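K.L.:
here is a sequence together with a model predicted from it:
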Amino acid sequence: MQAERTVLAVVHNTTAATRLLDILPLFAEDPRVETVFTCPGSSAFTRGTDEFLARAGVTEVLPWAQALRRRSDFAIAASYGGDLHEISAPLMVVPHGMGYNKFLESNGVSGVFGLSSPWLLHQNEPVPSVIVLSHAEQLARLGESCPQAVGAAVVAGDPCFDRMLASRPLRETYRQALGVRPHQRLVVISSTWGASSLYGTDPDLIRRLAAQLDLDEYRLVVALHPNIAGHHSPWQVRMWLADCERAGVLVLPDELLWGPTLVAADLTIGDHGSVSFYSAALGTPLLLAAAPVDAVDPKSPVGRLLEVTPELDHHRALAPQLERALARHVPFRSITDLTTSLPGRSASVLRETIYRWLDIPAPRTQAETRALPVPDVTLPPAHAQLVQVEIGAGEAKVTRFAAEGLREPALVPAGSHLVVDTREPSTRLLDLADVLVHDRPADPERWIESTLRALPGCQVAAARVDDRTWLMGTAGQLLVRLDEVTGPAAAFAAVLLHNHFPRRLTVVTGEERHTATVTVLSPAGPAGLRPRRSAR
């Protein structure tokens with residue numbers, strides 16, 4: 001099939017690719033238009049770009065020199081840098097984040113990325129034929145910093161933010177896909193790239209949050225800028241965050257999932273990156289863990305938001321700060337309204353602009369804003385937990401924390417029990433465990449007996465029999481079966497440490513009540529539970 005027009009998609013890196021995937025569907029389904037891809041090779045963060053495109057179905061990326069020789073009718077990029085001036089076709093450049101805010105150097109000259117002469121001009125002439133701006137305030141700043149480029153500017157709104165707005169009816173869909181239970185708060189930890197970012201200034205913050213926040217009240221999700229993995233490698237970032245994942249923190253595995261996660265969020269902890277601003281624009285409370293005011297244009301929306309948003313105190317208890325941010329949230333609408341001048345209309349304006357440059361009629365169908373994808377993720381369990389138990393009238397109140405707090409004795413909750421899953425690789429934690437949990441061993445009773453014999457400090461061994469049945473044995477030779485279990489096994493097993501065996505056991509975690517039917521299969525020996533050692 002012979003297409004009538006060819007569009008060259010210029011992909012600088014993974015971040016730019018994600019934004020291009022917001023734009024390209026506006027014409028990619030038109031059989032009159034063919035899209036070809038190339039990478040200029042100018043970004044310091046190109047690693048992983050080809051793999052990202054391949055996952056999207058783009059299996060051929062033309063070498064830059066070949067792309068320049070090939071005839072194209074139009075070109076689209078979502079970043080600057082490299083020899084864009086060598087492209088012979090009319091070039092449209094769209095922002096790859098929330099407008100243009102950061103100071104970055106080009107050829108040794110600093111300016112606002114995407115709005116200043118070092119980025120926009122070649123031999124004193126604008127490189128792009130079309131400079132897409134999301135809000136009219138950017139047009140004013142462009143006029144101050146690079147008046148030669150104003151004639152190429154088009155205020156076309158923000159297609160990425162429009163997708164978030166259009167996806168809000170799917171909020172509960174996203175929350176459930178991310179493992180958020182009723183009454184849980186979803187906290188997004190977002191970091192842009194660079195030394196002044198959240199992750200650049202305090203990489204241990206994620207682990208401390210996991211250690212200090214109640215597992216049943218909070219779900220933590222981490223969204224890191226793709227440039228971090230692009231610079232250090234995905235493997236290295238996974239290794240740095242492996243302990244956090246073992247603590248139950250979900251590190252988003254796909255660069256396209258931060259959008260639905262923001263729609264689902266109750267609170268964002270962030271920095272001067274676009275994701276943090278988008279979250280605030282959605283009306284979500286924001287705490288700044290890094291606020292480098294010198295890294296952004298003070299006149300920009302991000303610069304203005306940094307001045308007024310509450311900052312996280314890294315040296316104080318974290319949970320109370322999150323509670324205050326949730327309770328005292330005041331949206332900064334005068335600032336966040338600068339996200340887009342055309343809410344909900346970006347797709348139609350961009351498509352109209354693109355087809356005008358292609359010089360063919362636009363399709364008769366209306367340009368559509370697509371819903372964000374539903375996250376398809378594997379939810380990491382907290383393999384090791386510190387569990388507090390308070391026996392009350394008719395029920396047991398259980399509070400659970402990730403055992404990351406063991407690294408700092410001050411973070412260990414008073415009177416807590418260490419509950420460890422057999423999937424935990426740390427032999428130290430296995431040896432210290434008060435309770436060991438196994439998800440469906442082949443022979444539960446034999447496993448319980450052998451485990452309690454092999455680990456002298458272990459008081460309870462819990463084995464899943466089927467979806468709602470658990471077998472639990474104690475060091476004092478008590479064997480108990482729990483049927484119709486509706487909650488976390490770690491909570492029920494910790495209650496058994498307190499010699500609490502009512503026929504109908506009710507356990508409260510967070511604001512949820514869980515129940516199980518308890519059957520004592522064999523009574524304890526004369527010693528009852530073995531004396532607990534002081535391991536921590």
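P.N.:
Noted; the coordinates are in hand.

K.L.:
for the stretch 401-536 of the chain, what spans make up the helices?
P.N.:
With helices called from DSSP state H, counting those that start in this stretch, the stretch 401-536 of the chain shows them at 427-432, 444-454, 489-496.

K.L.:
any idea of the mean pLDDT for the longest one?
P.N.:
Summarised as a single mean, pLDDT over helix 444-454 is 96.

K.L.:
now do the buried residues in it.
P.N.:
444, 447, 448, 451, 452 (16 or more other C-beta atoms under 10 Å). (Each C-beta comes from the backbone N, C-alpha and C, glycine too.)

K.L.:
quick one: the last one and residue 505, what's the gap?
P.N.:
According to C-beta to C-beta, to the nearest Å, residue 452 stands 21 Å off from residue 505.

K.L.:
read off the pLDDT value for the closest residue to residue 514 other than its chain neighbours.
P.N.:
Nearest residue to residue 514, sequence neighbours excluded (C-beta to C-beta, 6 or more residues apart in numbering): residue 487, at 2.6 Å. pLDDT recorded at residue 487 is 92.

K.L.:
so what's the residue count around residue 311?
P.N.:
Residue 311 has 12 neighbouring residues, counting by other C-beta atoms under 10 Å.

K.L.:
residue contacts, it?
P.N.:
Residues near residue 311 by C-beta atoms under 8 Å, 6 or more residues apart in numbering: 287, 288, 289, 291.

K.L.:
now with 6 Å, please.
P.N.:
288, 291 (C-beta atoms under 6 Å, 6 or more residues apart in numbering).

K.L.:
could you measure from it over to residue 290?
P.N.:
Residue 311 is 9 Å from residue 290, by C-beta to C-beta.

K.L.:
so what sits against both of these two?
P.N.:
By C-beta under 6 Å, 6+ apart, residue 311 and residue 290 have no common neighbours.

K.L.:
hey, which helix is longest across the protein?
P.N.:
Criterion DSSP state H: the longest helix present in the chain is helix 346-358.

K.L.:
can you dump the C-alpha atoms of that helix in CSV for me?
P.N.:
C-alpha atoms of helix 346-358 as CSV (Å, rounded to 0.1, in the frame of the first residue of the first chain):
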residue,chain,number,x,y,z
SER,A,346,-5.8,19.5,22.7
ALA,A,347,-6.5,16.5,20.4
SER,A,348,-8.7,18.5,18.1
VAL,A,349,-6.3,21.5,17.8
LEU,A,350,-3.3,19.3,17.3
ARG,A,351,-4.9,17.2,14.6
GLU,A,352,-6.2,20.2,12.8
THR,A,353,-2.7,21.7,12.9
ILE,A,354,-1.0,18.5,11.7
TYR,A,355,-3.3,17.9,8.8
ARG,A,356,-3.0,21.6,7.7
TRP,A,357,0.7,21.1,7.3
LEU,A,358,0.2,17.7,5.6
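
K.L.:
in it, what counts as buried?
P.N.:
For helix 346-358, by 16+ other C-beta under 10 Å, it's 346, 347, 348, 349, 350, 351, 353, 354, 355, 357, 358.

K.L.:
now, which of those residues sits nearest residue 125?
P.N.:
Using C-beta to C-beta, residue 357 comes nearest to residue 125 of the buried residues of helix 346-358, at 18.0 Å.

K.L.:
just confirm the closest one contacts residue 90, I think it does.
P.N.:
Yes: with contact defined as C-beta atoms under 6 Å, residue 357 reaches residue 90; the gap is 5.4 Å.

K.L.:
overlap in contacts, these two.
P.N.:
Joint contacts of residue 357 and residue 90 (C-beta under 6 Å, 6+ apart) are residue 74.

K.L.:
what about the helices in the stretch 51-200 of the chain?
P.N.:
So, for the stretch 51-200 of the chain - with DSSP H, counting those that start in this stretch - the helices run 64-69, 117-120, 136-145, 159-166, 171-177, 198-201.

K.L.:
buried set for the last one?
P.N.:
Along helix 198-201, these residues count as buried under the neighbour rule (16+ other C-beta under 10 Å): 198, 199, 200, 201.

K.L.:
what mean pLDDT does that helix have?
P.N.:
Rounded mean pLDDT across helix 198-201 is 98.

K.L.:
stretch 248-266 now?
P.N.:
In this model, stretch 248-266 has a mean pLDDT of 97.

K.L.:
only alpha carbons, please: show it as PDB.
P.N.:
Output of stretch 248-266 as PDB, limited to C-alpha atoms (Å, rounded to 0.1, in the frame of the first residue of the first chain):
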ATOM      1  CA  GLY A 248       5.600  -4.000  49.600                       C
ATOM      2  CA  VAL A 249       6.400  -0.800  47.500                       C
ATOM      3  CA  LEU A 250       5.200  -1.000  43.900                       C
ATOM      4  CA  VAL A 251       7.900   0.500  41.500                       C
ATOM      5  CA  LEU A 252       6.000   1.100  38.300                       C
ATOM      6  CA  PRO A 253       7.500  -1.200  35.600                       C
ATOM      7  CA  ASP A 254       6.200   0.700  32.600                       C
ATOM      8  CA  GLU A 255       6.900   4.300  31.600                       C
ATOM      9  CA  LEU A 256       3.300   4.800  30.600                       C
ATOM     10  CA  LEU A 257       1.700   4.000  33.900                       C
ATOM     11  CA  TRP A 258       2.400   7.100  35.900                       C
ATOM     12  CA  GLY A 259      -0.700   8.800  34.400                       C
ATOM     13  CA  PRO A 260      -3.300   6.400  35.600                       C
ATOM     14  CA  THR A 261      -1.400   6.200  38.900                       C
ATOM     15  CA  LEU A 262      -1.800  10.000  39.400                       C
ATOM     16  CA  VAL A 263      -5.500   9.700  38.600                       C
ATOM     17  CA  ALA A 264      -5.800   7.100  41.400                       C
ATOM     18  CA  ALA A 265      -3.600   8.900  43.900                       C
ATOM     19  CA  ASP A 266      -4.600  10.400  47.300                       C
END
